[in-house]
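# Got a sequence here, can you build the structure:
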Amino acid sequence: MELFHLKTPYLDCPQCFFYNSRALSGTPYIGIAKQEPEGAEPLMDVTANLSDEVPLGCIAVKDYSENTGLLAFLKSIGFITEVVEKRRSGYVEIPICRYDKAVLERYSRTAGR
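Okay, here's the model as predicted:
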C-alpha cells in the first residue's frame, strides 16, 4: 500500500489511504483515513449514498461541505477518470464518476497490511 498526501481547501493531510467496503444498498463505499503511529484515523467519506443505483464502475462522490475540492484532488491522483453525470440530492448535486480500480488498490489498506 502506498500513502498519498490529501490536499483540499479544508484539509492538508499527509500519510492518507483509502479504505473501502459496501454500503447496505450494495453500492461501493470508499473513505479516506490518515495513517498514525498508533493506528488509523478516519478523515472523510469519499462516496455519498444515494437512494438510486449508480452505473457499474462508478461512484457518487461527496464533493460539498467539508469535502469541497475532493473531486479535483481525486482527479489529480488519477482515481477519478470521468464525471459521467450529476444527480440532485437534497440541496446539492452529486457527481457520478468513473474511477480507476488500480489506483484504488494502489492506495488502499487491506486486511493484514
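# As a check, name the ranges of all strands in this structure.
4-7, 12-22, 28-36, 39-45, 58-60, 80-89, 92-99 (DSSP state E).
# Among the ones you listed, which comes closest to Asp52?
strand 80-89 (7.7 Å; CB to CB). To be clear about C-beta, it is placed using only N, CA and C from the backbone, and glycine gets the same treatment.
# Next up, the contacts around Thr27.
47, 49-50, 53-54, 59-60 (CB atoms under 8 Å, 6 or more residues apart in numbering).
# which one of the residues you listed is nearest Gly31?
Nearest to Gly31 out of those is Thr47 (CB to CB; 7.8 Å).
# shouldn't that closest one be in contact with Ile32?
No: taking contacts as CB atoms under 8 Å, Thr47 lies outside contact range of Ile32: 10.5 Å.
# So for the two, which residues contact both of them?
Taking CB under 8 Å, 6+ apart as the contact rule, Thr47 and Ile32 touch no residue in common.
# Which pLDDT does the model give the closest residue in space to Glu53 that isn't next to it in sequence?
With CB to CB, 6 or more residues apart in numbering as the criterion, Glu53 has its nearest non-adjacent residue at 6.7 Å, and that residue is Thr27. pLDDT, Thr27: 77.
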